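Asks: what follows is a predicted structure for the sequence shown.
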Amino acid sequence: MDKVAAKREIERLTNEIDQHNQRYYNQNSPIVSDKEYDHLLSRLISLEKEFPVLKKNDSPSHRVGIKISQGAPAVKHRAKMFSLDNTYSIGELTDWFKRLHKGLPGEKIEFVAELKIDGVSASLTYEKGQMVLGATRGDGTVGEDVTYALKTIRTVPLKLCRDKEPVPDLLEIRGEVFMPLADFRLLNEARSCKGEQVFANPRNATSGSIKLLDSRVTAKRNLQCFIHSFGMSERGRNWQSQWDFILRAKDLGFNINPHYRLCLTFEDVIAYCQESQERRHDIPYEVDGVVVKVNNFKQQERLGATLKSPRWAIAYKFPAQQATTVVSNIVVQVGRTGVLTPVAELEPVECAGVTISRATLHNFDEVKRLGIKQGDTVLLQRAGDVIPKVIKVVTKSDKKSKPFKAPKRCPVCGGDIAKDRDDQVALHCINPSCSKQLERRLIHFASRGAMDIESLGEAVVLQLIKKGMVKDIADIYALGKEDLLKLELFKEKKVNRLLKAIEESKKQPLSRLLFGLGIENIGEKAAAVLAKKYENLQALQRAEVVDLEKIRDVGKVMADSIVKFFQQAGTEKLIDKIQRAGVNMIEPVEIEGVKLLDKKFVFTGELSGLSRSQASGLVKMHGGEILATVSKKTDYVVLGRNPGSKYAKAKRLGVRVLTLKEFQEMIYE
Ligand SMILES: [Zn+2]
């Protein structure tokens, strides 16, 4: 190809890719598959390699990122990037409103309200419509030049659209860069699998991703950006108010949050704050409040700014995710390892979008520290996906309820209890045939992450124990047809199904067996790590603490638990019994990338947080395939919110349906 033809082809490809990007993000209606998109992009990249002089500043090939050798240089902002004052209640917000009226006596004030996204502020500079600089906020006056990283974000336009709106000669615009919650979870899961430190929250993950020296990695993190204000512009600026700016910014090709609202009165602002607070958990990214701005720029100018923040804008922060309720009872639970855990039963209360009726009190020292008693009113807190926690007692019950005392015997079997030697806090039921422990162990053994014996649920386990059919885990492999027919509601068909599921479970890899054994402190991930390292159970049995604790992701506590488990009276006999039943004790060597080999997937509905392209990327990365329609050839249909007719079809054809969570578990287990 000669240079002229190459130039024409590069232009054609650039245009086409830009259009696909627009459709993908701003109209949410892609017309090409990711594969076709990648194909266009790689064709462009190879042409630019062949003719480097033809590579433009705004070429979509910048989306893939590059590696640089030095950290981001400092860059002075053309206009100061203020931070906003915070308010923490509607009352404080109203005080701000009153201050505005003192500054603008007798004037009507309109507002623009938007969600406050918990991300990283960024400034984008465009010269003659081309992106020339991307910077972090820094201290507001000087930030860091992170142009390469920000160019990888597909919602950041590399060149502005001139179709509807004149493009200013120089435009400096601000937005929030963030990582959607689903991507944040995927990233952390992947990091934790690799033994890397996880990010504490999406904001840290975003900030870390922007500052990477290798923006090719940034490009894979699916960061997004919403534009919310502008810093300065020269010539061609067309907007007179914040609302006007938002509409026109959209026409210029910027990504605008769909939850913007023009509020004609302050009452509308309050309503917006309350609505947003209620639905904050339905939003696929972290939102921690609302930002309110005076709409009219002339009014903004007259109100001015303090040293730190503008007077015409303010943040309303949502209250922490806490709730108060009454303790209706304190009970003691017996876990599968015999550990006794005090649990507060609560009068049901809404907190962070879910109803809470129980909260763990962790251990008996914690109960003492809190001084918690039945009838007390307590403050609960929920953070992210974590189990609710009792923070403190707010008001003591006026009834004379007795202080809660740690039990002297196991509340289930009445057996002796003892303090664990290593841990002076936890109490254990030491009766090895305690029925509650056995029940928990069996349920755990059969659970999905472990041996995955469908239809061996709680109700069946309870019956099996009650009828004396099982005395340990291994006994389930000795169950026969006649035994199971004695169970309530068990007819031929159900019995056969259960027997088949039990038989199938014998093929599970060592990692699942190891997790299923319920060794203290050994979760799914640790079990997988150990199985991969030792490959068979006998080898693990021989391992010593010094070997185990050296393994990444294992450490001293787990190493001790493993050795202790294998030394325990009864373990050897149990394992022998399981082995004689024909249960697999080997970890198959996994070939990277073939988890979903040849499996065919169809997606339907809105996959909260996860984009379609990411979802299909995951499938392909693991050897699977994406189909457009559901047929008998489909292996799985993954269900998002508001699924379409594909769901009905999947049900009709008996195709296995997965929730998004199940799909993710499939890949990351
Ligand atoms: Zn017990």
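Replies: It's in. Note that the structure is predicted; figures quoted are calculated from it, not measured. Numbers count the residues shown, from 1 in each chain.
Asks: which stretches of the stretch 251-400 of the chain form helices?
Replies: 266-279, 297-303, 364-370 (DSSP state H, counting those that start in this stretch).
Asks: what about the ones you listed, which gets the closest to the ion?
Replies: Proximity to the ion (CB to the ion) singles out helix 364-370 among the helices of the stretch 251-400 of the chain, at 16.2 Å. Glycine gets a C-beta too; all of them are placed from N, C-alpha and C.
Asks: who are the contact partners of Glu665?
Replies: With CB atoms under 8 Å, 6 or more residues apart in numbering as the criterion, the residues that contact Glu665 are Gly449.
Asks: tell me the secondary structure at it.
Replies: Assigned with DSSP: H, G, I helix; E, B strand; the rest coil, Glu665 falls in the helix class.
Asks: what does the protein put close to the ion?
Replies: Within the chain, the residues that sit near the ion (CB under 5 Å from the ion) are Cys410, Val412, Cys413, Gly415, Cys429, Asn431, Cys434.
Asks: break the protein down into its structural domains.
Replies: With domains defined by automatic domain parsing, the chain comprises 3-64, 77-317, 322-398+405-428, 435-580, 600-668.
Asks: pipe these into TSV and attach mean pLDDT per row.
Replies: What follows is the domains of the chain, written out as TSV (pLDDT from 0 to 100):
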stretch	mean pLDDT
domain 3-64	82
domain 77-317	89
domain 322-398+405-428	83
domain 435-580	90
domain 600-668	83
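Asks: tell me how many other residues crowd the closest residue to Leu40 other than its chain neighbours.
Replies: Spatial nearest neighbour of Leu40, chain neighbours left out: Ile17 (5.4 Å); criterion: CB to CB, 6 or more residues apart in numbering. Ile17 has 20 neighbouring residues, counting by other CB atoms under 10 Å.
Asks: and the spatially closest residue to Lys556 that is not a sequence neighbour, how many neighbours?
Replies: Counting by CB to CB, 6+ apart, Lys556 lies nearest to Glu549, which is 4.9 Å off, once chain neighbours are set aside. By other CB under 10 Å, the residues close to Glu549 number 16.
Asks: picking up where we left off before, to Glu587, which of the domains of the chain lies closest?
Replies: Distance to Glu587, taken as CB to CB, is lowest for domain 435-580 among these, at 4.0 Å.
Asks: report the distance from that closest one to the chain centre.
Replies: 29 Å (CA atoms, centre = their mean, to the nearest Å).
Asks: how long is that domain end to end?
Replies: For domain 435-580, the first-to-last residue distance is 24 Å (CA to CA, to the nearest Å).
Asks: now do stretch 411-429
Replies: 9 Å.
Asks: for the remainder of this discussion, apply numbering that starts at 657.
Replies: I'll keep to 657 as the first residue from here, and by that count the last item is stretch 1067-1085.
Asks: rebuild the helices of the stretch 907-1056 of the chain as TSV, extending it with mean neighbour count.
Replies: Shown next, in TSV, are the helices of the stretch 907-1056 of the chain (neighbours: other CB atoms under 10 Å):
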stretch	mean neighbour count
helix 922-935	16
helix 953-959	15
helix 1020-1026	16
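Asks: with distance to Leu1112 added, can I get these in CSV?
Replies: Shown next, in CSV, are the helices of the stretch 907-1056 of the chain (distance: least, CB to CB, whole Å):
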stretch, distance to Leu1112
helix 922-935, 39
helix 953-959, 65
helix 1020-1026, 33
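Asks: quick one: closest of the ones you listed to Tyr744.
Replies: helix 922-935 (11.6 Å).
Asks: counting by contacts, list what that closest one packs against.
Replies: Counting contacts by 3 or more CB pairs under 8 Å, 6 or more residues apart in numbering; DSSP states H and E, helix 922-935 is packed against helix 746-759, strand 767-773, strand 917-919, strand 943-950.
Asks: what's Met835 in contact with, if anything?
Replies: Counting by CB under 8 Å, 6+ apart, the residues that Met835 touches are Gly775, Leu843, Pro858, Ala861, Thr862, Ser865, Arg877, Asn878, Leu879, Gln880, Tyr941.
Asks: picking that back up, quick one: closest of the domains of the chain to Pro1244.
Replies: Closest among those, once you apply CB to CB, is domain 1091-1236, at 5.7 Å.
Asks: quick revisit: reformat the domains of the chain as TSV; add distance to Gln726.
Replies: Output for the domains of the chain, formatted as TSV (distance: least, CB to CB, whole Å):
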stretch	distance to Gln726
domain 659-720	19
domain 733-973	8
domain 978-1054+1061-1084	35
domain 1091-1236	30
domain 1256-1324	31
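Asks: ok but Lys736 is inside a helix, no?
Replies: No: Lys736 is assigned coil when assessed by three-state DSSP, not a helix.
Asks: now Lys663, nearest residue through space, not along the chain?
Replies: Leu710 (5.6 Å).
Asks: Glu665 is in contact with that neighbour, correct?
Replies: No: applying CB atoms under 8 Å, one finds Leu710 not in contact with Glu665, separated by 9.5 Å.
Asks: residues in contact with both of the two, list them for me.
Replies: In contact with both Leu710 and Glu665: Leu703, using CB under 8 Å, 6+ apart.
Asks: give me the number of residues near Leu1120?
Replies: 22.
Asks: wait, Val1116 touches Leu1154, no?
Replies: Yes: counting by CB under 8 Å, Val1116 does reach Leu1154; the two are 7.4 Å apart.
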